[in-house]
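Peer 1: Take a look and give me a structure for this.
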Amino acid sequence: AMASEASASRAYVLYGVAGCGKTTLGRALVERLNDAAPETKRDAVFVDADDLHIPEAREKMSRGEPLTEMDREPWLARVRARMLESARPKELDGKLTHRDVVVACSALRRDHRASLVRDVKAQAPWLKSVDFVFLRVEKAKLEKRLKEREKNGHFFPASLLRSQLDTLEPPSLDDSRSICHVFDADARSSPSAAASALAATLDAIARARAEWDATARAFLDDWYGRLEQIPGGLANAVQSHAVQIDHVCFRCASEASYRDALASLKRAGHVVAGSSAVGGREITTVRLRPPIEWRGFVVPAVEVPMPKPGRPKPDGWEHAEVALMRGGVEGAEHLIRLRETYPDAPWDAKGLGKALNAELSCSLPGEPAMCVKFHHRPLLEVVAHEIERGMAKAPPRLAFEVPRLRRKRLGKRARDATDEDREDATDATYDD
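Peer 2: Down below sits the predicted model:
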């Protein structure tokens with residue numbers, strides 16, 4: 001059964017080229033989710049983007065003419081509107097029942113996916129998350145399915161597959177506007193088996209995401225309560241809308257727990273933004289997709305340091321860091337001004353001398369130990385700066401091959417490497 005995730009509706013967009021099974025798998029997934037509705041207390045609905053094409057677009061495709069971006073833009077707007085409205089909670093026995101919406105939509109380009117989630121929080125606050133699932137299918141099966149569909153009178157001709165493959169932009173780490181998972185849709189024996197496997201995958205993501213989200217929000221409640229006890233009103237510096245709580249730090253007691261924490265964050269659909277060696281140990285920054293929402297703040301990242309040699313700390317959340325959103329990644333002038341504004345706080349100013357990402361920190365009262373750290377810029381911005389200059393390691397790019405209708409013959413070594421890459425990317429998560 002799908003895990004409850006903060007009592008809000010969710011959407012899953014199954015996307016890919018024609019013939020990958022979006023509609024068939026989407027309907028099977030909705031049936032699977034509704035079978036579990038008595039336990040989950042949420043119902044599932046299906047939206048087929050093909051139903052939202054205007055007659056002129058259908059006629060154009062039936063003539064073998066691919067849609068243009070001008071054709072797709074209003075169509076995607078209709079798909080987005082239907083998704084948001086379908087996710088609206090319904091009242092049942094005096095209680096709101098949140099929904100899972102499964103959308104079948106080609107969404108071939110990254111801009112297409114981004115358009116489906118643009119301003120979702122403002123326009124549909126009931127929608128907790130939107131996850132994209134790329135359905136990967138071998139080229140030969142795509143061709144076979146489309147030819148069979150065309151014989152049965154489907155409006156989309158097999159001749160348009162080449163255009164769709166040319167248009168398709170696969171999942172990438174370069175675009176953080178939406179979160180995408182990869183699912184090998186033809187690796188199961190039937191649509192029902194595929195739906196069960198996909199439901200289990202989405203369930204694992206939801207459970208891991210909910211656990212991280214809940215523990216981080218509880219930590220932030222405790223952290224802020226202690227911050228309010230600091231003399232001089234330092235909590236006021238965090239209440240300002242001009243600043244950003246840009247990340248929280250999760251400490252690990254051992255290298256094994258460090259690896260486990262990163263694996264768990266990845267299972268939740270979050271992605272590594274970069275890693276670097278600091279003080280003889282690795283520190284990894286994870287981009288949260290979706291970010292943690294807490295008291296009006298949107299926290300976009302988690303920092304996970306490997307423990308320092310001989311100085312382990314207990315597993316758990318330790319501190320939150322605040323970006324002043326002023327100044328650059330170098331310099332400390334705004335931190336110095338902050339210390340002057342709150343002179344009664346027990347400041348630790350050792351980090352002011354750092355050439356990059358200078359910091360001003362303050363230990364908080366109570367146990368376990370916690371602190372607040374201030375910087376000029378958010379951690380994700382600092383990591384991008386470091387990667388650009390070779391100071392930090394970019395995340396490994398999961399290889400992905402878009403099937404093409406014609407491919408050059410590969411030698412055995414190249415074919416073996418391609419097969420290994422394809423296996424490595426199975427059911428993976430990408431920033432997109």
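Peer 1: show me where the stretch 301-432 of the chain has helices.
Peer 2: 333-341, 379-388, 412-424 (DSSP state H, counting those that start in this stretch).
Peer 1: among these, where is the model least confident on average?
Peer 2: The minimum mean pLDDT among these belongs to helix 412-424 (a mean of 36).
Peer 1: Where does the prediction get shaky in the stretch 51-200 of the chain?
Peer 2: The stretch 51-200 of the chain contains residues with pLDDT under 70 at 92, 173-175.
Peer 1: again, only this time at 80
Peer 2: Along the stretch 51-200 of the chain, the model assigns pLDDT under 80 to residues 91-96, 150-155, 158, 172-176, 187.
Peer 1: How about the secondary structure of Pro300?
Peer 2: Three-state assignment for Pro300 (DSSP: H, G, I helix; E, B strand; the rest coil): strand.
Peer 1: so who does the closest residue to it other than its chain neighbours touch?
Peer 2: Excluding its sequence neighbours, the residue lying closest to Pro300 (C-beta to C-beta, 6 or more residues apart in numbering) is Pro291, at 4.4 Å. For the C-beta atoms, the positions are set from N, CA and C on the backbone; glycine is no exception. Remark: with contacts taken as C-beta atoms under 8 Å, 6 or more residues apart in numbering, Pro291 is in contact with 298-301.
Peer 1: List buried residues within these.
Peer 2: 299-301 (16 or more other C-beta atoms under 10 Å).
Peer 1: between those residues, which is closest to Glu282?
Peer 2: Minimum distance to Glu282 across the buried ones among the contacts of Pro291 is 16.1 Å, recorded for Ala301 (C-beta to C-beta).
Peer 1: export the contacts of Pro291 to JSON lines and tack on pLDDT and distance to Ser129?
Peer 2: Listed next are these as JSON lines, based on pLDDT from 0 to 100; distance: C-beta to C-beta, whole Å:
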{"residue": "Val298", "pLDDT": "93", "distance to Ser129": "13"}
{"residue": "Val299", "pLDDT": "96", "distance to Ser129": "15"}
{"residue": "Pro300", "pLDDT": "95", "distance to Ser129": "14"}
{"residue": "Ala301", "pLDDT": "97", "distance to Ser129": "17"}
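Peer 1: From the chain's centroid, how far away is the longest helix along the chain?
Peer 2: Of all the segments of type helix in the chain, defined by DSSP state H, the longest one is helix 191-227. Centroid separation for helix 191-227 versus its chain: 12 Å, with C-alpha atoms, centre = their mean, to the nearest Å.
Peer 1: list the buried ones in the helix or strand following it?
Peer 2: Remark: after helix 191-227, the chain's next helix or strand is helix 235-239, criterion DSSP states H and E. Within helix 235-239, the residues scored as buried using 16+ other C-beta under 10 Å are 235, 237-238.
Peer 1: which non-adjacent residue is nearest the most centrally placed residue in the chain?
Peer 2: In the chain, the centroid-proximal residue (C-alpha atoms, centre = their mean) is Arg289; its distance is 3.0 Å. Spatial nearest neighbour of Arg289, excluding adjacent residues (C-beta to C-beta, 6+ apart): Ile179 at 4.0 Å.
Peer 1: same question, Thr24
Peer 2: Distance criterion C-beta to C-beta, 6+ apart; nearest residue to Thr24, sequence neighbours excluded, is Pro191 at 5.0 Å.
Peer 1: give me every residue that touches that neighbour.
Peer 2: Pro191 makes contact with 21, 24-25, 27-28 under the criterion C-beta under 8 Å, 6+ apart.
Peer 1: okay, now Leu67: neighbour count?
Peer 2: Leu67: 19 surrounding residues under other C-beta atoms under 10 Å.
Peer 1: Please, which helix or strand holds it?
Peer 2: Element membership for Leu67 (DSSP H and E) is empty, with no helix or strand holding it.
Peer 1: Distance of it relative to Ala185?
Peer 2: From Leu67 over to Ala185 the distance is 23 Å, taken as C-beta to C-beta, to the nearest Å.
Peer 1: neighbours of Ile230, just the number please.
Peer 2: Counted with other C-beta under 10 Å, residues neighbouring Ile230 total 19.
Peer 1: before we move on, what about Glu333?
Peer 2: Residues near Glu333, counting by other C-beta under 10 Å, number 12.
Peer 1: Find the nearest non-adjacent residue to it, please.
Peer 2: Gly327 (6.2 Å).
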